[in-house]
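[1] Next one to model:
(chains A and B)
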Amino acid sequence: MIMNVFIYKLKVNPNIKVLALPIITIAAVVIMLILVFPGFMMRFKEKMAEYKTVQSQEVALSAKLESLRKISVDLLDPDDITVVAFPSKDPSIWVVSQVRKLSNEYKIIISDMSVDRNEKDENFYSANISVEIEANEFPGLLSFLKDLTDILPVTSIENVSVNRNQGLAGDIYSGELRAAYYWYDFPSTLPPMEEPVDELTEKDMQLLGMISSFKQPTFIDLSPGELTDRTEPFN
Amino acid sequence: MSEINLLPQELKPDVKVLKLSKSLRNLALVAIILFVFSLVLFFVSSYFIDYRISVVSAKQKDLESQIKAMEKTEQRLVLIKDRLNKIGTIVENPRANDEVIRLSSVTSLFPDNTFVEEIELEKNNAVVAILAENLDTVASYLATVISSGNFSKINLAYLKFDPEEGYKIGISFPE
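    Down below sits the predicted model:
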């Protein structure tokens, strides 16, 4: 009505007058759509993306929790054999102890033993142990070498060179062997929460079985002793 | 009761324009309804998505706390995987450990009256030298080694003769 009066007062063509209101209304709706719709669509897409992200994270977390629940507690023994097999600190003492133990077992005489650290590899640190050996009989020497391949920490024989010599008490097999052993820091961070659990594969289980059959170093636990009074302070 | 038009006749619009105007009004009405409907749809769906996000987030937090409670298990698993990966790298690389096993299979084939003179073991190669009193023993040894089928390749490194000691034969067993 107001518009009609306004148009009448302006002496607008009556055809335009009857068309003005619907056209203006349609134009207003179209303008509103043009102005509002892209913003709404963008917000809607963002919300959908957020929803998809949280949903996929929830699926990943559920799967991870399920995997963690399935893991056998026996496998994760705190006295983990894999840590003995591949320690975080230089295991020279363990390796020397293992070589000594085997040499006693097979009556191998060790005339010299030395340890050299190697350059850091991409995946681990390593060192070499060089041992000069003497044996009175070959089968004992062979057993010594064979057992040396099955010790923990994991040891790789680099080379062995043995010759038979004539000694006063008969044949002597003497030579040198060099073996490498390894260590590396423990992983310091856990994978991100949403990342799936990297479960043990068939190959891992085989490796675990293999190193479980290896000879572990003998550890001696020293329990702390009671403090005693020193009657002679300078002695 | 009929409608009385008080407007002057010259201000009366054409019939065609009136029809068009009516159609446009209907169109405008539909546009307004659609616009309002889409607005309502947007707000309802936004609210629904927000609600779903809050539900999933709450569940996610619960799962995270459960996983956190099992952190020790995960730590052990990560540690074991890390150690096993490293051990796997070492074991898969060529090393003379395999040659020691091979040496042991060679020595089990030694005939009587032979002595091991020398052994040289390195990655992918084992050289064994034996001392035999006569050529028959050497031939029998070689025949046994070859027929054992344990070795893909056998190289004769050397064959020496010393009148005081006998025949010294060096054989290498490359990978």
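[2] Now do the end-to-end distance for stretch A:112-126.
    Distance across stretch A:112-126, first residue to last, is 20 Å (C-alpha to C-alpha, to the nearest Å).
[3] any residue of it up close to chain B?
    Yes. Contact of stretch A:112-126 with chain B (C-beta under 8 Å from any C-beta of the partner chain) involves A:Asn123, A:Phe124. In this view, the C-beta of every residue, glycine as well, is placed from N, C-alpha and C.
[4] Just say helix, strand or coil for the spatially most central residue of chain A.
    Geometric centre of chain A, nearest residue: A:Pro187, 5.7 Å, by C-alpha atoms, centre = their mean. Classification of A:Pro187 by DSSP: H, G, I helix; E, B strand; the rest coil places it in coil.
[5] thinking it is in contact with B:Val78, fair?
    Yes. Applying C-beta atoms under 8 Å, one finds A:Pro187 in contact with B:Val78, separated by 5.6 Å.
[6] so what secondary structure elements neighbour the longest helix seen in chain A?
    Secondary structure of chain A per DSSP state H: the longest helix is helix A:14-70. With contacts defined as 3 or more C-beta pairs under 8 Å, 6 or more residues apart in numbering or on different chains; DSSP states H and E, helix A:14-70 has these neighbours: helix A:2-10, helix B:15-69, helix B:71-92.
[7] just these: most buried one?
    Mean neighbour count (mean count of other C-beta atoms under 10 Å in any protein chain shown) peaks for helix B:71-92 among the helices and strands packed on helix A:14-70, with a mean of 18.
[8] What lies in contact with stretch B:99-115?
    A:138-139, A:142, A:145-146, A:148-149, A:157, A:160, A:164, A:171, B:116, B:119, B:121-126, B:128, B:130-133, B:137, B:140-141, B:144-145, B:148, B:150-151, B:173 (C-beta atoms under 8 Å, 6 or more residues apart in numbering or on different chains).
[9] Just the buried residues of these.
    A:138, A:142, A:145-146, A:148-149, A:157, A:160, A:164, B:116, B:119, B:121-123, B:125-126, B:128, B:130-132, B:137, B:140-141, B:145, B:151, B:173 (16 or more other C-beta atoms under 10 Å in any protein chain shown).
[10] Can you tell me which of these end up in strands?
    Under the assignment DSSP state E, those contribute A:157, A:160, A:164, B:116, B:119, B:121-122, B:125-126, B:128, B:130-132 to strands.
[11] helices and strands of chain A: which one has the lowest mean pLDDT?
    helix A:2-10 (a mean of 58; mean pLDDT, DSSP states H and E).
[12] picking up where we left off before, who touches the residue nearest to the centre of chain A in this structure?
    A:Pro187 neighbours (C-beta under 8 Å, 6+ apart): B:Val78, B:Leu79, B:Asp82.
[13] Name the spans of chain A whose pLDDT lies under the cut-off.
    Flagging of chain A using pLDDT under 70 yields the residue ranges A:1-11, A:72-79, A:167-169, A:219-235.
[14] again, only this time at 80
    A:1-14, A:68-80, A:120-123, A:166-170, A:189-199, A:219-235 (pLDDT under 80).
[15] Kindly report the same for chain B.
    B:1-13, B:106-113, B:148-151, B:175.
[16] Where does the record place the domain boundaries for it?
    B:13-93, B:96-174 (automatic domain parsing).
[17] which stretch among those comes nearest A:Lys215?
    A:Lys215 lies closest, by C-beta to C-beta, to one member of the domains of chain B: domain B:96-174, at 14.0 Å.
[18] Just the terminal-to-terminal distance for that closest one.
    Taking C-alpha to C-alpha, the first and last residues of domain B:96-174 lie 11 Å apart.
[19] What about the closest residue to A:Asp185 other than its chain neighbours, how many residues nearby?
    Nearest non-adjacent residue to A:Asp185, counting by C-beta to C-beta, 6 or more residues apart in numbering or on different chains: A:Ser88, 5.5 Å away. By other C-beta atoms under 10 Å in any protein chain shown, the residues close to A:Ser88 number 14.
[20] Now the phi/psi pair for A:Val162, please.
    Torsion angles at A:Val162 (phi, psi; degrees, to the nearest 10) stand at phi -130, psi 140.
[21] For it, give me its contacts.
    A:Ile133, A:Leu141, A:Tyr173, A:Ser174, A:Gly175, B:Glu118, B:Ile119.
[22] how does it look with 6 Å?
    A:Tyr173, A:Gly175, B:Ile119 (C-beta atoms under 6 Å, 6 or more residues apart in numbering or on different chains).
[23] Would you mind putting those into a markdown table with distance to B:Lys22 alongside?
    Shown next, in a markdown table, are those (distance: C-beta to C-beta, whole Å):
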| residue | distance to B:Lys22 |
| --- | --- |
| A:Tyr173 | 116 |
| A:Gly175 | 112 |
| B:Ile119 | 110 |
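[24] Of those, just say which sits nearest to A:Ser213.
    Closest to A:Ser213, out of all of those and judged by C-beta to C-beta, is B:Ile119, at 25.2 Å.
[25] what bridges to the nearest residue to the closest one once chain neighbours are set aside?
    Once flanking residues are discounted, B:Ile119 sits nearest to A:Val162: 4.9 Å by C-beta to C-beta, 6+ apart. As for beta bridges, A:Val162 partners with A:Gly175, B:Ile119 under DSSP bridges.
[26] can you tell me how far A:Val162 sits from A:Ser130?
    A:Val162 sits 14 Å away from A:Ser130 when distances are taken as C-beta to C-beta, to the nearest Å.
[27] do A:Asn159 as well
    Distance of A:Asn159 to A:Ser130, given as C-beta to C-beta: 10 Å.
[28] Overlap in contacts, those two.
    Joint contacts of A:Asn159 and A:Ser130 (C-beta under 6 Å, 6+ apart) are A:Arg178.
[29] out of these two, which sits in the more crowded spot?
    Remark: of A:Asn159 and A:Ser130, A:Asn159 carries more neighbours, 18 against 15, as counted by other C-beta under 10 Å.
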